[in-house]
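Engineer: sharing a model prediction with you, sequence too.
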Amino acid sequence: MTFSATIDPVPSSAHRASPDAVVRVDLLFHSDLRRVGGQSVLGAAADGRAHGIGRDAPLFTTPAGGEPLPLLDPCISRHQLSVTYDAGRGVFEVSQGSGARRPLGFFDPQGAEVRPTELRPGALVAVGDRALLRLSVGAIPEPPPGPELTGLGEQADSLRARVRALAACDDTVLISGPTGAGKEQAALALHRWGARASGPFVAVNCAAIPEQLIESELFGHVKGAFSGAIVARRGLFEEARGGTLFLDEIGDLSLPAQAKVLRVLQDHRLRAVGAVSEVPVDVRVVAATHRDLLREVEAGRFREDLFGRLEGFSVAVPPLSARREDIPVFFSRFFASRVASGKDPARWLRAASELAPPLPMSFFLRQLARDWPRNVRELERFAAATALSCEQAVVFASPQPGARPAEVAQGRVGEDELRRLLEAHEHVSQRVARALGVSTTTLDRWLREHGIVRPCDLTEARVRAALDDAGGDAVQAARALAVSTRGLKLRLRELGLAPGASR
């Protein structure tokens, strides 16, 4: 079955690919959540070639920068789908592979279902409930030097490129963006990707310090400078000597404090509160704000000369709603970090060949549609709350010494999950039961309740009929019977129908 685009042959300029553009595939969901965020380059966008995607190919680079891996999911066929980019029309054509094990679904960047004739760059293709692929066209992605500023798509690429360029210089940088969008991560990347990476990174939220203490916090004070100053204290500018000082929410500084900050930026010298002389200071300043500083200048709340000092080298961090493809990446990272702090993170972060994913793909699709007004910070808290909810409703619990199976299984496993486990473990009941932490008796009861046929349930007449219909081909017969080939062969031996079997 082939799906192809038949829309207006004149694409918008936003979808025209440059001559050196490549087709990229991003993993927005994988049955092993540790794989979310992986990327693969299929080839040149203008070559008109079809590119196959399946269990063993192509290779996806992992978000952590490890060895590239294929999908490695036993529930995805070796030839699951084929992708072609039509550069002339700016659309993708997707073909389902022969013998594909999972149906394909098609979605827009917000997770809403679309027709396969609407696959513009940024469209999503679901492989059953096991993988969610994002199709895009752009330059070859360059992996970030560190864990900061992870993300997929053009927004993340542009942000990393801008930060990397500014990290190479030592000028003051202004980072703008809404609250919770990740401005501190951008500042940290500027520090770690630059020449001052070996020095300290000192961050301060200017809005959180009382106005009467801000100058002392930033510039320090001498003994006796004011009531309560019983000892001298170094300020944050000196604490960051040789490194980076991050002034978050600089738009909340008072005008007198702004004047002092400007003096330090211009002269690279500072005077502590109560001091009579200045001292040199070697520090790079990175400032951030969620305010429109130009409007603040017009309103008289921000110094124009300080704004002029900051505006030349700037970075804009977009809101999460403008980079929805990063929602699964951030969520998976926050979720993994939360469950990794527990006693048994393997229950939630496991190889795809063992157990069903802890969270279904439909859950991730719903998150793509949310606006996230408080941006990455809101998503982080949501991921933590989700991890806590999962821990309180464990289905695949590790057995405790002396515990009965009924005490181990906290809930009934769904039909889809059971079928995946059976396929992954070649329909060997003992292995599936061991993976679930239950007895084979409990597993057999669940299989009967869901109407799932096991090889041992097959009658001789049913087996003979399936073999006759398949022309003696055990692989085709097993597929028709919805059991594994290995399970069928074992049943043939039990029934005395296999070569060399005795009745």
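Structural biologist: Yep, it's here. Numbering: from 1, shown residues only.

Engineer: please name the nearest non-neighbouring residue to the spatially most central residue of the chain.
Structural biologist: Averaging the C-alpha coordinates of the chain gives a centre point, and the residue nearest to it by CA atoms, centre = their mean is Val329 (1.1 Å). The shortest distance from Val329 to any residue other than its chain neighbours is 4.1 Å, reached at Gly37 (CB to CB, 6 or more residues apart in numbering). Where you see a C-beta, it was placed from the backbone N, CA and C, and this is true even at glycine.

Engineer: lowest confidence element among the helices and strands of this structure?
Structural biologist: The helix or strand of the chain with the poorest confidence is helix 405-408; it has a mean of 32 (mean pLDDT, DSSP states H and E).

Engineer: who touches stretch 119-126?
Structural biologist: Surrounding stretch 119-126, the residues in contact under the criterion CB atoms under 8 Å, 6 or more residues apart in numbering are 3, 5, 15, 28-29, 81, 83, 90-94, 104-109, 111, 114, 132-138, 153, 325, 361.

Engineer: where does pLDDT dip in this protein?
Structural biologist: By pLDDT under 70, the low-scoring segments of the chain are 1-19, 64-65, 340-358, 390-413, 426, 437-438, 499-503.

Engineer: quick revisit: show the buried residues in the contacts of stretch 119-126.
Structural biologist: Buried subset of those (neighbour count, 16 or more other CB atoms under 10 Å): 3, 5, 28-29, 81, 83, 90-94, 104-109, 111, 132-138, 153, 325, 361.

Engineer: from these, which ones fall inside helices?
Structural biologist: For these, membership in helices holds for Gly153, Met361, with DSSP state H as the criterion.

Engineer: for the residue nearest to Val329, which three-state class applies?
Structural biologist: coil (DSSP: H, G, I helix; E, B strand; the rest coil).

Engineer: quick one: it from Ala139, how far?
Structural biologist: The span separating Gly37 from Ala139 equals 18 Å under the rule CB to CB, to the nearest Å.

Engineer: okay, those two: which has more neighbours?
Structural biologist: The neighbour count for Gly37 versus Ala139, taken as other CB atoms under 10 Å, is higher for Gly37 (25 against 14).

Engineer: now the more buried one, what are its backbone angles?
Structural biologist: Here is the backbone geometry of Gly37 (degrees, to the nearest 10): phi 100, psi 0.

Engineer: contacting residues for it?
Structural biologist: When contacts are counted by CB under 8 Å, 6+ apart, Gly37 is found next to Asp26, Leu27, Thr62, Pro63, Thr150, Leu152, Pro328, Val329, Ser332, Arg333.

Engineer: now, among these, which is nearest to Arg196?
Structural biologist: Thr150 (21.8 Å; CB to CB).

Engineer: looking at it, the closest one is touching Val329, isn't it?
Structural biologist: Yes - counting by CB atoms under 8 Å, Thr150 touches Val329, with 6.1 Å between them.

Engineer: which neighbours do these two share?
Structural biologist: The contact lists of Thr150 and Val329 share Gly37, Pro63, where a contact means CB under 8 Å, 6+ apart.

Engineer: dig out what Ile175 forms beta bridges with.
Structural biologist: Partner residues in beta bridges with Ile175: Ala288, Val315, with DSSP bridges as the criterion.

Engineer: can you count the residues close to it?
Structural biologist: Per other CB under 10 Å, the neighbour tally for Ile175 reads 28.
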